[in-house]
Structure formats: C-alpha cells, structure tokens
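[1] Provide a 3D model corresponding to the input given below.
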Amino acid sequence: MAEAAVAERSPMNPDFFGLMPGLMADPYPLFARLRAGPPVFWAPKEGAWVLHRHAEIEAVLSDRGFRVTELAKGVAEIGERAGKPTPILSGLLTTFLPFINPPDHDLARRYYRAVLSAGSMDGAVEAITSLARDLLAEVPPSGRFDAVTGYAELLPPLVMAWFLGLPGSLIRDYALASAELGRVYDRGCSPRFLARMEAMLVAQRVPIQHEVAARRAAGPDARTDGLSRMIALADELQPMTDHAIADHAMALIFAATENTAALIGNAVAALAEAGPQCDLSVADDATCLAAVREVLRFDAPVQQMWRVAQHEMVLGGARIAAGDRLLLLIGAAQRDPAIYPDPDQFDPLRFATGTRAWRSLSLGRGMHYCLGSELGMLEAAIALKLIARRKPRPDPAKAITRDDRSTLRRVRHLPLILFPERSDPHENV
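    Numbering: from 1, shown residues only. So this is what the prediction gives:
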C-alpha cells in the first residue's frame, strides 16, 4: 500500500526520493524528468527500488521470479494493531487477483473466468450498447452532463450485473458504495477508514449473499448466468459458503467496475480535451478500440504496481536482492520515448490497424495480465463511440477534476456539453 513516489530533487541524484502532494494532478512532467537519471534506483522513503522505463518494467512484469504484495495481510495487521479488525475486508482482498500469488491466484482466476467465459461474451456487444444508450438518453436538453457520474461510473456495474444475472440496481448501489474502497491500494490508510470500509462491505454483502442462496435453492439447472456458473464451479472444486461466494462476486464486481470506469472517464476526457481535431463521431469499431488502447498508454488508470523479488539479480544496473520491493511507475513507462514517438501527444490512431504494435503495460503481463481486459476495452470502445457522436466539449462553466489517488488515476468529475447525436449509417455495433 503505497503512494506514488516522486523525486523532490534532481533525478540525476536520486539518493532521496520523497513524496510530493498533488502528484496525480499531472504526474507526467515529473516522469519525463526522471528519464534523465538512472532507470532503477533506491528510494529510501519507499524502502523500494523505483523503475520508470518501459524495458525494465516489462521485464519485471513478465518474470515469474517476482511476486505481488499481498495486500490483505497488511490491511489485517493495521486493523488488528488498532483494535479494529476487518475480517470481511481482509477476506475480500484475498480474492483480488492483482494482490494475491499462486496457488490462491490460480483458483480465484478460475472462478472469475467462469463468469467471463467465452460463451458469456455472446450478446455482450448488444447489451453494452443498449445500456450505454440508455444512460446517454438521460442527458438533459441543455446538453450539460457529467460524463463520469452519469456515464463512466454507471455503465461498468450495469454490464457486470448483466454478466452475473443480478439486478442492475443492486450492483450499481454496491459499486457506488464501494467507490472509495480502492484507496486501500494507497499507503496511509487509517484504521478508521478501514473500519468504515468493513462496515460498508458488511451491509453490501447481504443482498448478494441472498442472491447466492436463492440460486442454490433453485438447483443447478435452474439458471445459467455468471453467478450460477461460479456457484457450480465452487461445488465442483471445493465446498464454499454462500458468503464466501458472495465475496468472490463482490471482488469481481469491484475490480471490473473501478478500473473500467476510470478507463472510460479518462478516454472521454482525452477526447473532449483534444477538441475538434480528434473527431471520432463517425469512427468505426476498430478505430474506437485503437483510441482506447491509446488512452491506456497516454493516461492509464493503473499508474503503479508493486513487486517483490524472489531471487538476486541485476536490473538496470542495480543489484536487486531477494526480498527487495520494487515500485513500477507504469504511467512513466507508458510515455517512454524509446518505445513511443511523441509520447506526450494523444494520438487516437497510434494503434490503428497496420500502424504500430500495442505494448501496453497498464494491463499487466504474464499470470497477472488483467483477466477482464477484453471486456473492459470493449466497454470503453462502445462507450467512447456513442458519446463521440454527441461531439463532447468541456463545459466552460465547470472544471474537470481528478481523484487524489496515487495508484489509480481517474477523472472524478467531467462536466461536458453534448450536442445532438450524429448517427452512423454504417454502424455495426
């Protein structure tokens, strides 16, 4: 659990690597300055090696000799020391794929794959398109619209409700209630905050647990939705209580909604801020997907990842010992000029077919590659295509604001003015 580390003096002399408030408002100028220094250096205040170039970070993410930091243990220790234990929160975190190692990681991944199986993707495009259209239908006649609170934050939970076969209102309420849960990824969470998240999860688990119980009572052949497939797999592999299955469902809902909501918000913000020269109002599906991939490079939701070395090695000229922690600045690597020409330029056609290979690190690598990446990019591409037809422009009367989170970079409020839709006669979404 760490905040993004930033150099408080020249990266040419990185002996001291402290914390700077407000980094996430615009971290990219600092990341550019870091390139003047060594690619791997020790940060005393972080107690970790810091990596900021694409080559070294890609090597670490692809190497099974590194493990992830197991977040649940740290959260549990904070609560126990403060006399405010968080068994449900800690238990939920033991099912979060980015923060667990094998063999727990492999088992949890099977449960989530059961929900997001290839067969369950049938009809997803039509469902996502319908849900996104419904949300945009709520735009008032004035065209003034917060594209985060009215669109980006609502579409992913509704999509996940469709996959799981749960009421959209139930999943939306949980997603909104758990909006701050991701702060447990950042360093400095207080026992009071963790206790508040514990209380939230206690309340939110009840209706989902009831849905699990109802499916068990109905029998294995009564339903074929994602939650039922998760229950069937649990019955096949190992007996699980209803609340344990509910925990897995809640972890999937949170992971699939938070990052995708951030991606959609960042994509729409990039489109709106680019102005008329970035017109996707009649773009085809492939072009919109290429634009989403560019957003994952240009303004990735996941800005940093942590790893722990399991053996000694030399990396970027630094000697890494077994047990050393590494802070990977994903946002910096995604703008590495050695990989991406003009890295600070948002180019929605950068990864269009036949132009340049896509090598994004924001979705991970290897066994920790994002399981829901295909679905998340599909949602974002459809969301971007539909709102682009409304010619979104920033509302001059209101400011775009971003979260102060360090691990996840996301727009908090995106006030736009939308214009009447321009339909695409060749639409195939």
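[2] I'd like to know how many residues surround Ala262.
    27 (other Cβ atoms under 10 Å). Quick note: C-beta positions are derived from backbone N, CA and C, even for glycine.
[3] just checking, it touches Thr407?
    No. Assessed by Cβ atoms under 8 Å, Ala262 is found out of contact with Thr407, at 10.6 Å.
[4] so the residue nearest in space to the middle of the chain is in which element?
    Against the mean C-alpha coordinate of the chain, by Cα atoms, centre = their mean, the closest residue is Asn259 at 2.3 Å. Element membership for Asn259, per DSSP states H and E: helix 242-274.
[5] for that helix, what is the average pLDDT?
    In this model, helix 242-274 has a mean pLDDT of 92.
[6] just how off-centre is it within its chain?
    Centroid separation between helix 242-274 and its chain, computed with Cα atoms, centre = their mean, to the nearest Å, is 6 Å.
[7] can you give me the strands for this protein?
    40-43, 48-51, 66-67, 144-146, 304-309, 313-315, 318-320, 325-329, 393-394, 401-402, 411-413, 415-417 (DSSP state E).
[8] Tell me which of these sits nearest to Arg196.
    Nearest to Arg196, of all the strands of the chain, is strand 411-413, at 19.0 Å by Cβ to Cβ.
[9] and the closest one, which residues are buried?
    Using 16 or more other Cβ atoms under 10 Å as the test for burial, strand 411-413 gives 411-412.
[10] With stretch 259-274 instead?
    Result for stretch 259-274 [16+ other Cβ under 10 Å]: buried residues 259-272, 274.
[11] re earlier: which one of the strands of the chain is the most hemmed in?
    Among the strands of the chain, strand 48-51 has the highest mean neighbour count (mean count of other Cβ atoms under 10 Å), at a mean of 25.
[12] List the strands paired with it, with their directions.
    strand 40-43 (antiparallel), strand 325-329 (parallel) (DSSP bridges).
[13] Which one of those lies nearest to Gly65?
    strand 325-329 (11.3 Å).
[14] pLDDT wise, what is Trp358 at?
    So Trp358 comes in at 72 (pLDDT).
[15] His413 is in contact with Thr149, correct?
    Yes. Using Cβ under 8 Å, Thr149 is in contact with His413, at 6.9 Å.
[16] Now do the same contact list for the nearest residue to Ala321 once chain neighbours are set aside.
    Closest residue in space to Ala321, ignoring its immediate chain neighbours: Glu312 at 5.5 Å, by Cβ to Cβ, 6 or more residues apart in numbering. The contact partners of Glu312, by Cβ atoms under 8 Å, 6 or more residues apart in numbering, come to 319-322.
[17] got a list of what the residue nearest to the centre of the chain touches?
    For Asn259, the contact set (Cβ under 8 Å, 6+ apart) comprises 301-302, 370, 372, 376, 408.
[18] re earlier: turn the strands of the chain into JSON lines, including distance to Glu138.
    Shown next, in JSON lines, are the strands of the chain (distance: least, Cβ to Cβ, whole Å):
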{"stretch": "strand 40-43", "distance to Glu138": "46"}
{"stretch": "strand 48-51", "distance to Glu138": "43"}
{"stretch": "strand 66-67", "distance to Glu138": "45"}
{"stretch": "strand 144-146", "distance to Glu138": "8"}
{"stretch": "strand 304-309", "distance to Glu138": "35"}
{"stretch": "strand 313-315", "distance to Glu138": "50"}
{"stretch": "strand 318-320", "distance to Glu138": "51"}
{"stretch": "strand 325-329", "distance to Glu138": "38"}
{"stretch": "strand 393-394", "distance to Glu138": "19"}
{"stretch": "strand 401-402", "distance to Glu138": "21"}
{"stretch": "strand 411-413", "distance to Glu138": "17"}
{"stretch": "strand 415-417", "distance to Glu138": "13"}
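[19] And those strands: which comes nearest His248?
    Nearest of the strands of the chain to His248, taken as Cβ to Cβ: strand 66-67 at 21.5 Å.
[20] how far out from the middle of the chain is the closest one?
    Put simply, strand 66-67 sits 20 Å off its chain's centre (Cα atoms, centre = their mean).
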